[in-house]
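**Student:** A predicted structure for the sequence below; I have some questions about it.
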Amino acid sequence: MQMASTVRKLRVEVVEARNLVPKDGHGTSSPYVQLDFYGQRKKTRTSERNLNPTWNEVLEFNVGKPSEVFGDMLEVDVYHDRSCGPTRRNNFLGRIRLNSTQFVRKGEEALIYFPLEKKSLFNWIQGDIGLRIYYVDEVIPPPSPPPPPIEEVKPEPPPPAEPVPPPEDQPKPPDEDGKQADPAPPANGDKPNEEPPADQAQAEAAAVAPPEAAPAVENAAPEAEKPTEEPHSEPPAPPTEESKDQVDPPPSTEPVQPGPEIEMMAASVTQSVPEVKFARSNGPQPIKTPFAQESFTTLDPTESMTIEPSSFDLVEKMHYLFVRVVKARLLPTNGNPVVKIAASGHHVRSKPARKTNLFEWDQTFAFLRDSQDSSSSILEVSVWDTPSSQDQGFLGGICFDVSEIPLRDPPDSPLATQWYRLEEGGPHGGDLMLATWVGTQADESFPDAWKTDTAGNVNSRAKVYQSPKLWYLRATVVEAQDILPLTALNDASFQVKAQLGFQVLKTKLALSRNGTPSWNEDLMFVVAEPLSDQLIFTVESRQPKAPVTIGVASIPLTAIERRVDDRKVTSRWVSLEDLNGEKRAYKGRVQLRLCFDGGYHVMDEAAHVCSDFRPTARQLWKPPIGKVVLGVIGCKNLMPMKTVNGKGSTDAYCVAKYGSKWVRTRTVCDSLDPKWNEQYSWRVYDPCTVLTVGVFDSWGVFETEGSKEATRPDFRIGKVRVRISTLQTGRVYRNMYPLYVLSNTGAKKMGEVEIAIKFVREAPTLDILHVYSQPLLPLMHHIKPLGMVQQEMLRNTAVKIVSVHLSRSEPPIKREVVLYMLDADSQAFSMRKVRVNWFRVINVIAGLIDIARWMHDTRLWKNPTATILVHALLVMLVWFPDLIVPTLAFYVFVIGVWNYRFRSRDPLPHFDPKISLVDTVDRDELDEEFDSLPSNRPNEMVRARYDKLRMIGARVQTSLGDFATQGERVQALVTWRDPRASGVFVGLCFVVAMILYIVPSKMVAMALGFYYLRHPIFRDRMPSPALNFFRRLPSLSDRIM
């Protein structure tokens, strides 16, 4: 039975255009739209004599494969129809060109207004056009089956004549699949002396096939099974043309020609297969002794991981001995046998075999080798019957010399699997299909393989995660009608409560006498795809005792439209119902304006360490400017994080986050110097972003369902932040970074992590520099900005949604890991951070303080030579004022060039304990920083901290009062609070104005400059009269109670 296929198509909804240019000579135009995509051209109807036309037409295009002829651009041209009256020679009204990377799938589309562009420099173009563009996958029904044979259609066939046997050389008629009918093979085991079954014959043919052709057959099944093993964190995107091209082609329907019979290999193999040696002794002595069943680890059949393919050029190669066990045949058992492997001092047991025509495992095992010359030179593979079977015991085994196993390094082709005869298994020995080779972590079999450094734990595998796609939901509550108060009061207060999951928001109170309260208030929610929840509105009447519910309205999220700009959204009236009663009675209605704002970036990180600033709507994304490649090499000198069997132990893993992509390395068990050597990459859309790498200790190795370890949090070991803009293009930064953890007892160094990072440019240099001139956040943050308090509340909500989503993955990223990576728990009050920020301010204005001190020393003639040079500079700048700005610019240039010599060249900037004041901070302040809210400390400690805070508040209060006093004295100059002072100041201003009208400004500036730089012998030690006059002005401080 053939499955129905799908065809991808592009739909363009041409909605309307606005403010077009008149072209018909009478102040109007008759526009139509022409669209070109992949060599296909379609047009809309003509809207006659309309500068703001509305079409509302849907045009559909077939999406082809990438082509160098047509490209992947959608071109939309607007023309004036010359057949609708007089016109000019040029009927072009504007055009836009859109890249296919901006298009989204159906359900994510939004109405976007694109400004029309010119075709040439001399075109006069204005206006914009509104479009909805999205992909849709249409299902093509499968072709109808071929008609049945004619013999079956006849209602009354005549009695058949005696059939004439066809000649032996005549081919048999094909079956429904088009294949030649083959005789049915005999059952396995019924006739052992005859030819093996068809599956065995094909497998034997594959064993002697060329190595180039064998991997395609062997890898077809694992590739098809991988998607089912990965947990999906969000609905899969529709297949693109690229993904369609990557799908493996279906197996050929041509009959397999049987190969020549070959003799089964018993002692050795040739070419790329290593020599196989067997111990010739009584019984399976070399295999039986080390293969005690209690020394093996049962492998979870669901173990797998996904790591993106990479060249692994930033990390070190780690050599592994790979053993791939595929299937077995002719085993003397009816149970589900297992395979036991012993190599490099490790013993592992596979999952029980799946019994079909053969015994199938299809598992890969990777044994870490510290060096090429491993102490263990024998690889032992044996097949054992399961203990639950009646015929339990040893079924046979084979041995390999590890020193003769071939070395494979991608892009070499995978090693072909072959059949091997099981020895020492009794008179009825079977055959085992396997392949073994020595490879690295870049091998495509490594992600799904059982690995020795992870102890085979299912929660220890590496994984790539994707944060859910987050939207801002704007719910505007306008007004309500037909709401009757519960009491006969003149004024009744009403409030609307909106709930979406755990998010609950309320409007302000509105008073109404006639049952039509009005709010006109926006409520903002954070929503994650898929949109399966409902937004519930409850209208409440505020009563003295408690609020009383009047009615409830529920709106599914799938019914809410999306927008990417600040266009007006049509409001709707929603009826309120009483859900508590037996019958849903009408309780009034409420007017709502709902939309998903895709023009915002949903913040889940702090702004200063954000890794992505793109808006939610994919249509607004700009092309990437480059790629950042991270190599997680390993850690050294880690502290023991837990005690297992009386011994300190650490099971470390690493998490990296950039944008919406999270990666987690495998967990290296019981090692204080773990080595990962894993490499990942991210697309970079903005260089002013931060990549975060964290190291954690896992309890997953000890987790079992229902155990206490299953609820234990993963301990934080430390993290590293790297700002992308500090990376030079193409340079590899490989350094060791200390890992610090700050707790209420102080900062503690937990070890060191070694990473390698590189930024690869994929866009022209001018495009990268152009990004620096663009706003950091999307346009909607500037058109309709969110308040700081509201932004922080939405960020905390987004962090909760992301943590819940990632904790449901397999293996999960736990909540405490997400909070630590996103800095969600570091916004509490801290006296240490107050002091740190104060020193940061002092450091910023230190340059201005140095300039003021230098000017003071210059005017006091402490360095006469410098003072004379300043006089000369003053004369030059006063008489040639055009040199002031160039001189300042050149001075800044000299400072920048001078500081270039002292730039940081060694490691990238990292957490600095000195700047953070973690070494000199008081322990009580640290304890206060990590205290919960509300506080759970003793009353005496809280009282002492409160008194200390009051003292600091008194200082801040005094400083604010002094600042306000100086400002009020400036105001008092012209407010006549002190009539004599204001009269003197106003009269002096008149005299200065008259002087400046008469005397040239250059002379005045020269006189003031020489007066300021006069020699100390002409100075008075007392304050200047102007300062004395200012200090005597009144302020409002004497009127404060």
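**Tutor:** Happy to help now that I have it. Numbering: from 1, shown residues only.
**Student:** the strands in the stretch 551-700 of the chain, which residues?
**Tutor:** 562-563, 572-577, 586-597, 626-636, 642-644, 647-649, 652-658, 661-664, 675-684, 690-697 (DSSP state E, counting those that start in this stretch).
**Student:** Compile those strands into TSV and extend it with columns for mean neighbour count, distance to P812 and mean pLDDT.
**Tutor:** For the C-beta atoms, the positions are set from N, CA and C on the backbone; glycine is no exception. Listed next are the strands of the stretch 551-700 of the chain as TSV, based on neighbours: other C-beta atoms under 10 Å; distance: least, C-beta to C-beta, whole Å; pLDDT from 0 to 100:
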stretch	mean neighbour count	distance to P812	mean pLDDT
strand 562-563	20	30	91
strand 572-577	16	38	91
strand 586-597	20	28	91
strand 626-636	21	19	94
strand 642-644	13	19	85
strand 647-649	13	21	87
strand 652-658	26	12	94
strand 661-664	24	10	94
strand 675-684	22	19	93
strand 690-697	22	12	94
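**Student:** Tell me where the stretch 801-950 of the chain is predicted with low confidence.
**Tutor:** Scanning the stretch 801-950 of the chain for pLDDT under 70 picks out 906.
**Student:** in it, which spans are helices?
**Tutor:** Listed in chain order, the helices of the stretch 801-950 of the chain (DSSP state H, counting those that start in this stretch) span 815-821, 831-844, 846-859, 864-879, 884-900, 913-916, 923-929, 939-975.
**Student:** likewise the stretch 651-800 of the chain?
**Tutor:** Taking DSSP H, counting those that start in this stretch as the criterion, the stretch 651-800 of the chain contains helices spanning 765-771, 780-783, 788-807.
**Student:** List the buried residues in the longest one.
**Tutor:** So that's helix 788-807. By 16 or more other C-beta atoms under 10 Å, the buried positions in helix 788-807 come out as M793, L794, R795, T797, A798, V799, K800, I801, V802, S803, H805, L806.
**Student:** Any figure for the gap between the residue nearest to F494 when sequence neighbours are not counted and N744?
**Tutor:** Distances taken as C-beta to C-beta, 6 or more residues apart in numbering place P517 nearest to F494, at 4.3 Å, with adjacent residues excluded. Going from P517 to N744 by C-beta to C-beta, to the nearest Å gives 49 Å.
**Student:** Which of the two has more residues huddled nearby?
**Tutor:** P517 (24 against 13; other C-beta atoms under 10 Å).
**Student:** residues contacting that one?
**Tutor:** Going by C-beta atoms under 8 Å, 6 or more residues apart in numbering, P517 touches E479, A480, I483, F494, A510, L511.
**Student:** Give me the buried entries from those residues.
**Tutor:** By neighbour count, with 16+ other C-beta under 10 Å, the contacts of P517 hold E479, A480, I483, F494, A510 as buried.
**Student:** out of the residues you listed, which one sits closest to N580?
**Tutor:** Lowest distance from N580 to the buried ones among the contacts of P517 (C-beta to C-beta) belongs to I483, with 16.6 Å.
**Student:** Can you say which helix or strand has that closest one in it?
**Tutor:** Using DSSP states H and E, I483 is not contained in any helix or strand.
**Student:** Can we start the residue count at 165 from this point?
**Tutor:** Done: numbering now begins at 165, and the last item shifts to I647.
**Student:** my guess is it meets E704, correct?
**Tutor:** No: I647 is not in contact with E704 according to C-beta atoms under 8 Å; the separation is 10.4 Å.
**Student:** where do the contact lists of the two overlap?
**Tutor:** With contacts defined as C-beta under 8 Å, 6+ apart, the residues adjacent to both I647 and E704 are F658, I714.
**Student:** In space, what's closest to G557 - neighbours in sequence excluded?
**Tutor:** In this structure, G557 finds its nearest non-sequential neighbour in D549, 5.6 Å apart by C-beta to C-beta, 6+ apart.
**Student:** confidence score at the one you found?
**Tutor:** Per-residue pLDDT puts D549 at 86.
**Student:** ok so, going back, export the helices of the stretch 965-1114 of the chain to CSV and append columns for distance to P787 and mean neighbour count.
**Tutor:** As requested, those are exported to CSV (distance: least, C-beta to C-beta, whole Å; neighbours: other C-beta atoms under 10 Å):
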stretch, distance to P787, mean neighbour count
helix 979-985, 27, 21
helix 995-1008, 36, 12
helix 1010-1023, 39, 12
helix 1028-1043, 47, 13
helix 1048-1064, 31, 10
helix 1077-1080, 37, 12
helix 1087-1093, 43, 17
helix 1103-1139, 48, 12
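**Student:** Wait, a strand at W635?
**Tutor:** Yes: per DSSP: H, G, I helix; E, B strand; the rest coil, W635 lies within a strand segment.
**Student:** and the gap between it and F529?
**Tutor:** Separation of W635 from F529 (C-beta to C-beta): 44 Å.
**Student:** rewinding a little: out of the helices of the stretch 815-964 of the chain, which is closest to L184?
**Tutor:** Of all the helices of the stretch 815-964 of the chain, helix 944-947 comes closest under C-beta to C-beta, at 24.2 Å.
**Student:** just how off-centre is that closest one within its chain?
**Tutor:** 23 Å (C-alpha atoms, centre = their mean, to the nearest Å).
**Student:** Pull out the buried residues from that helix.
**Tutor:** Neighbour-count burial for helix 944-947 flags M944, H945 (criterion: 16+ other C-beta under 10 Å).
**Student:** Can I get it as CSV, trimmed to CA atoms?
**Tutor:** Taking Å, rounded to 0.1, in the frame of the first residue of the first chain, the C-alpha atoms of helix 944-947 are listed here in CSV:
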residue,chain,number,x,y,z
MET,A,944,8.2,47.3,18.7
HIS,A,945,10.3,47.9,21.8
HIS,A,946,10.7,51.5,20.7
ILE,A,947,7.2,52.1,19.3
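**Student:** Measure how far the longest strand along the chain is from the centre of its chain, please.
**Tutor:** When the chain is parsed with DSSP state E, its longest strand is strand 910-925. Taking C-alpha atoms, centre = their mean, one finds the center of strand 910-925 at 20 Å from the center of the full chain.
**Student:** Packing partners of it?
**Tutor:** Packing partners of strand 910-925 (3 or more C-beta pairs under 8 Å, 6 or more residues apart in numbering; DSSP states H and E): strand 790-800, strand 854-861, strand 879-887, strand 896-907.
**Student:** Hmm, R533 and S508 touching each other?
**Tutor:** Yes: with contact defined as C-beta under 8 Å, S508 counts as touching R533 (6.0 Å).
**Student:** what touches both of those two?
**Tutor:** When contacts are counted by C-beta under 8 Å, 6+ apart, the set common to S508 and R533 consists of L485.
**Student:** Can you tell me the SS state at Y584?
**Tutor:** What three-state DSSP gives for Y584 is strand.
**Student:** That one and I797, how far apart?
**Tutor:** Taking C-beta to C-beta as the criterion, Y584 is separated from I797 by 37 Å.
**Student:** got it, and F531?
**Tutor:** F531 sits 21 Å away from I797 when distances are taken as C-beta to C-beta.
**Student:** same thing with L634?
**Tutor:** Separation of L634 from I797 (C-beta to C-beta): 33 Å.
**Student:** re earlier: is it possible to get TSV of the contacts of P681 that adds pLDDT, secondary structure and distance to R1183?
**Tutor:** Formatted as TSV, the contacts of P681 follow (pLDDT from 0 to 100; DSSP: H, G, I helix; E, B strand; the rest coil; distance: C-beta to C-beta, whole Å):
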residue	pLDDT	secondary structure	distance to R1183
E643	93	strand	72
A644	92	strand	75
I647	83	coil	78
F658	90	strand	72
A674	89	strand	68
L675	86	strand	69
